[in-house]
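A.B. asks: A structural model of the following input is requested.
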Amino acid sequence: MSLKIVNLSKKFDGKFVIKNATLEARPGEILGIFGVTAAGKTTLFKTLAGQENPDGGEIYVDDKNLTFVPSSAREIELPEVTNQKFWNRVFKTKRSGPADGEIQALALEAALENSGGVLLLDNSFCQMDLILREEKQNLLRQKARENNLTVLLASSDFEEVFQVCDRVAVLSGGEIVQTGTPREVYENPATSEVARIFGRNNLILARRLTSSKTETQEFQTIEGSHRIFAEMRDKRSLGAINQNIFLAIRPEYISISFGASFPEDNLLKATVTDVRFMGHTTLIKLDAEGLHLEAIVLRLVGLNIGDECVVGLPPDRIQILKE
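C.D. replies: Numbering: from 1, shown residues only. Alright, predicted model coming up:
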């Protein structure tokens, strides 16, 4: 069954929590609803499930309008995992009762077996350890395809979205601001807000110096007053020449060196301010005369806090973002 919502809105105390949300999810697909805390994910799910009445818009399953159909008559399931008494009966042989991760895992398994329509999963892996989480995420992907389920997964973890979802809708301030595959959203965020919340990113406030007709644009950063070049991809993102604008570059695209490099890569002198080992990668924080940057490398050799280095920001990796 497909799910479609059109201009769906929900207010509390006169303020929009969900505003004009429009999206469509297809059978066999896992659609991520990504947003930070209090972005409106849970309210959206409760409205879809009929636990809250909308203040505008429509909800369709296939071609059936379910906007004001009682929750008990909808084919939209929002599993309940907070009924502690029920789960204590399930685990009656265990003295200590169920762990939160076990509750989530069992609730997910039950939902995947019983759901025949649209399944809404709200942060359904957040209490599981890494091994259990990967096991149940693989199960979800398998069952969604085998049973042709339409699944919406709400999450504030962009890595979970990459692991599980076919597409993602980014929810910010109650509005869906971008939809696409996780890779599309990560590599081409539509706004500075999406770039800020969907994974680590360096957002650089700058002012444009060149004409909008120039293919490679030159900017001056507000912090550090650096001259930086970026390739123009969408003229609409440039704004007026006298306005500040955000440039964005992912940490993994920043290079670090101690000697010669490619001069066209926006070379800046910087000082290492922090080094954080993160397992398979290392996060390096840098200060380029007041412009603070983050870089991610696979291995770190001989780099310490206080060291001076040269960082490169390739123009073709810098995005020019509109607000």
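A.B. asks: Distance from the strand or helix carrying K143 to the middle of the chain?
C.D. replies: Counting by DSSP states H and E, the element that carries K143 is helix 130-146. Taking the mean C-alpha point of helix 130-146 and that of its whole chain, the gap between them comes to 19 Å (CA atoms, centre = their mean, to the nearest Å).
A.B. asks: Quick one: list the elements packing against it.
C.D. replies: With contacts defined as 3 or more CB pairs under 8 Å, 6 or more residues apart in numbering; DSSP states H and E, the secondary structure elements packing on helix 130-146 are strand 30-34, helix 100-114, strand 150-155, helix 158-164. Every C-beta, even on glycine, is put in place using the N, C-alpha and C of the backbone.
A.B. asks: all helices of the protein, in order?
C.D. replies: Ranges of helices within the chain are 41-48, 84-90, 100-114, 130-146, 158-164, 182-187, 192-197, based on DSSP state H.
A.B. asks: between those helices, which one is nearest to K11?
C.D. replies: K11 lies closest, by CB to CB, to one member of those: helix 41-48, at 9.9 Å.
A.B. asks: which residues touch the closest residue to I305 other than its chain neighbours?
C.D. replies: For I305, ignoring the flanking residues on the chain, the nearest one in space by CB to CB, 6 or more residues apart in numbering is V272 at 5.5 Å. For V272, the contacting residues are I284, K285, L286, L303, N304, I305, G306, D307, E308, C309, taking CB atoms under 8 Å, 6 or more residues apart in numbering as the criterion.
A.B. asks: So in terms of bridging, what pairs with V272?
C.D. replies: The residues listed as beta-bridge partners of V272 by DSSP bridges are L286.
A.B. asks: That one and L238, how far apart?
C.D. replies: To L238, V272 is 33 Å away according to CB to CB, to the nearest Å.
A.B. asks: now V194
C.D. replies: 18 Å.
A.B. asks: ok, now E29?
C.D. replies: 35 Å.
A.B. asks: what stretches of the protein score poorly on pLDDT?
C.D. replies: Along the chain, segments meeting pLDDT under 70 span 80-99, 114-116, 259-263, 301, 323.
A.B. asks: Looking at V194 and L238 now, which is surrounded by more residues?
C.D. replies: For V194 and L238, the more surrounded residue by other CB atoms under 10 Å is V194, and the numbers stand at 21 against 17.
A.B. asks: can I assume the more buried one is in contact with Q178?
C.D. replies: Yes. A contact is recorded between V194 and Q178 when judged using CB atoms under 8 Å, the distance being 5.2 Å.
A.B. asks: check contacts around the nearest residue to S9 once chain neighbours are set aside.
C.D. replies: The shortest distance from S9 to any residue other than its chain neighbours is 3.9 Å, reached at G56 (CB to CB, 6+ apart). Residues in contact with G56 (CB under 8 Å, 6+ apart) are N7, L8, S9, N20.
A.B. asks: sorry, back to before: may I see the PyMOL selection of the buried members of the contacts of V272?
C.D. replies: To isolate the buried subset of these in PyMOL, counting by 16 or more other CB atoms under 10 Å, use the following:
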select buried, resi 284+285+286+309
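A.B. asks: returning to that earlier point: and the helix holding K143, which residues are buried?
C.D. replies: If you call a residue buried by 16+ other CB under 10 Å, then helix 130-146 has these buried ones: L132, R133, K136, Q137, L140, R141, K143, A144.
A.B. asks: And the strands in the stretch 151-300 of the chain?
C.D. replies: 167-172, 175-180, 202-208, 216-221, 227-231, 244-249, 255-257, 267-277, 282-288, 291-297 (DSSP state E, counting those that start in this stretch).
A.B. asks: which residues touch I284?
C.D. replies: I284 makes contact with I256, V272, D274, V275, R276, E294, A295, I296, V297, L300, L303, according to CB under 8 Å, 6+ apart.
A.B. asks: I'd like to know how many residues surround the fourth one.
C.D. replies: By other CB under 10 Å, 14 other residues sit near V275.
A.B. asks: That one touches T282, doesn't it?
C.D. replies: Yes. V275 is in contact with T282 according to CB under 8 Å; the separation is 6.6 Å.
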